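K.L.:
fold the following, please.
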Amino acid sequence: MAISESLRQRLLVYQRNEITEHHIYRRLAERVKSPENAGVLRDIADEEMRHYATWRAHTGEDVAPCRWRIAFYVLIGVVFGVTFGVRLMERNEEDVQRHYDALVSELPEDEVRAVIADEQEHEQALLSMLDEQRLRYIGSMVLGLNDALVELTGALAGLTLALQNTHLIALAGAITGIAAAMSMAASEYLSTKSSPDSDKHPVIAAVYTGSAYLVTVLLLLLPYLVFEGYYAALGLTLTIAVGIIAVFNFYIAVASEESFRRRFTEMAVLSLSIAALSFLLGYFLRTTFGVEV
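P.N.:
Predicted coordinates for the structure are as follows:
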């Protein structure tokens with residue numbers, strides 16, 4: 001059937017999107033260890049190619065994929081996991097479906113409805129697949145990261161006003177943080193081992209908890225190793241803490257399909273409130289006991 005030039009240009013955009021996602025799914029399938037998960041990704045990649053062929057039948061023109069987008073999502077999949085990469089890409093699926101809905105009055109309805117049905121099935125297939133280790137242990141990571149943020153931001157805020165020396169603050173914070181990281185890892189090991197219904201390995205759970213805690217400690221201590229001014233160091237530490245909270249909660253929101261705003265607000269308010277109270281406590285103890293360092 002003959003189509004208008006404006007519709008042809010829109011279909012070319014959709015073609016480019018479909019062929020790009022075809023290559024993304026194929027590349028990600030190569031990086032999935034589970035044969036079942038890899039098979040699902042390859043099936044979706046084949047569907048994207050069929051959608052590409054559907055639109056090409058009307059435009060009569062081939063379109064090259066978007067190379068930078070392929071590279072971006074493959075990199076995201078390598079760094080943050082295939083589940084995160086795929087679900088991040090699928091976040092715009094509702095917009096795509098709305099665009100396709102508008103085609104029903106301009107193209108054969110059965111063709112358009114078939115493509116829309118495939119796109120809707122993509123999301124359901126993705127939700128039922130991709131059992132990545134890092135997602136099964138995300139609770140352990142949350143435990144380590146959340147405790148490190150709450151405890152260490154509070155400790156550093158209190159130490160900042162009590163000691164007023166960045167080197168001493170960094171030393172005290174490192175001792176406190178490393179000891180706490182080992183303690184949290186041990187607690188997670190014992191907790192997981194004593195839970196008969198847990199599908200997590202105690203040692204791996206402990207490693208995730210301890211590692212998340214330790215990395216957070218190192219990032220929060222960094223300003224005290226760089227700056228001489230303790231107020232500047234504290235300000236940057238709190239900024240880093242908020243940044244960690246934002247990045248980690250965005251990851252959880254995408255990978256686990258939870259609310260980013262609720263999780264971020266809750267965690268940020270808790271960490272900063274503890275830091276403020278600890279800062280006041282440090283001031284009170286310093287003035288009460290007349291400590292001078």
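K.L.:
any weak-confidence spans in this protein?
P.N.:
1-2, 92-95, 123-136, 139, 143, 196-199, 257, 279, 282-293 (pLDDT under 70).
K.L.:
domain map for it?
P.N.:
For the chain, the structural domains run 5-127, 133-289, going by automatic domain parsing.
K.L.:
how about the ones you listed in CSV, adding mean neighbour count?
P.N.:
All C-beta spots, glycine's among them, are computed from the backbone N, C-alpha and C. As requested, the domains of the chain are arranged in CSV below (neighbours: other CB atoms under 10 Å):
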stretch, mean neighbour count
domain 5-127, 16
domain 133-289, 18
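K.L.:
check which helices and strands the longest helix along the chain sits against.
P.N.:
Secondary structure of the chain per DSSP state H: the longest helix is helix 260-289. The contact analysis (3 or more CB pairs under 8 Å, 6 or more residues apart in numbering; DSSP states H and E) places helix 260-289 against helix 138-163, helix 230-255.
K.L.:
and the last one, what does it pack against?
P.N.:
I take that to be helix 230-255. helix 82-90, helix 138-163, helix 166-193, helix 202-226, helix 260-289.
K.L.:
now the angle from the second one to helix 260-289?
P.N.:
Computed by axes from the mean of the first three to the mean of the last three CA atoms, to 10 degrees, the angle separating helix 138-163 from helix 260-289 equals 30 degrees.
K.L.:
same question for the fourth one.
P.N.:
Per the same axes, to 10 degrees, the angle that helix 202-226 makes with helix 260-289 is 60 degrees.
K.L.:
can you tell me how far residue 170 is from residue 221?
P.N.:
Residue 170 sits 5 Å away from residue 221, going by CB to CB, to the nearest Å.
K.L.:
same question for residue 204.
P.N.:
26 Å.
K.L.:
reformat the helices and strands packed on helix 230-255 as a markdown table; add distance to residue 49.
P.N.:
Output for the helices and strands packed on helix 230-255, formatted as a markdown table (distance: least, CB to CB, whole Å):
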| stretch | distance to residue 49 |
| --- | --- |
| helix 82-90 | 16 |
| helix 138-163 | 33 |
| helix 166-193 | 43 |
| helix 202-226 | 37 |
| helix 260-289 | 32 |
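K.L.:
of all the ones you listed, which lies closest to residue 18?
P.N.:
Of all the helices and strands packed on helix 230-255, helix 82-90 sits nearest to residue 18, with 12.6 Å by CB to CB.
K.L.:
quick one: distance of that closest one to the chain centre.
P.N.:
Helix 82-90 sits 10 Å away from the centroid of its parent chain (CA atoms, centre = their mean, to the nearest Å).
K.L.:
go on, stretch 152-165?
P.N.:
Using CA atoms, centre = their mean, the offset of stretch 152-165 from its chain centre is 30 Å.
K.L.:
okay, it in PDB with CA atoms only?
P.N.:
Output of stretch 152-165 as PDB, limited to C-alpha atoms (Å, rounded to 0.1, in the frame of the first residue of the first chain):
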ATOM      1  CA  LEU A 152      30.100   6.300  58.900                       C
ATOM      2  CA  THR A 153      28.500   9.600  57.800                       C
ATOM      3  CA  GLY A 154      27.300   9.900  61.400                       C
ATOM      4  CA  ALA A 155      30.700   8.900  62.800                       C
ATOM      5  CA  LEU A 156      32.700  11.200  60.400                       C
ATOM      6  CA  ALA A 157      30.400  14.100  61.200                       C
ATOM      7  CA  GLY A 158      30.900  13.600  64.900                       C
ATOM      8  CA  LEU A 159      34.600  13.100  64.600                       C
ATOM      9  CA  THR A 160      34.900  16.200  62.400                       C
ATOM     10  CA  LEU A 161      33.900  18.600  65.100                       C
ATOM     11  CA  ALA A 162      35.400  16.600  68.000                       C
ATOM     12  CA  LEU A 163      38.900  16.200  66.500                       C
ATOM     13  CA  GLN A 164      39.100  19.000  63.900                       C
ATOM     14  CA  ASN A 165      42.000  17.400  62.200                       C
END
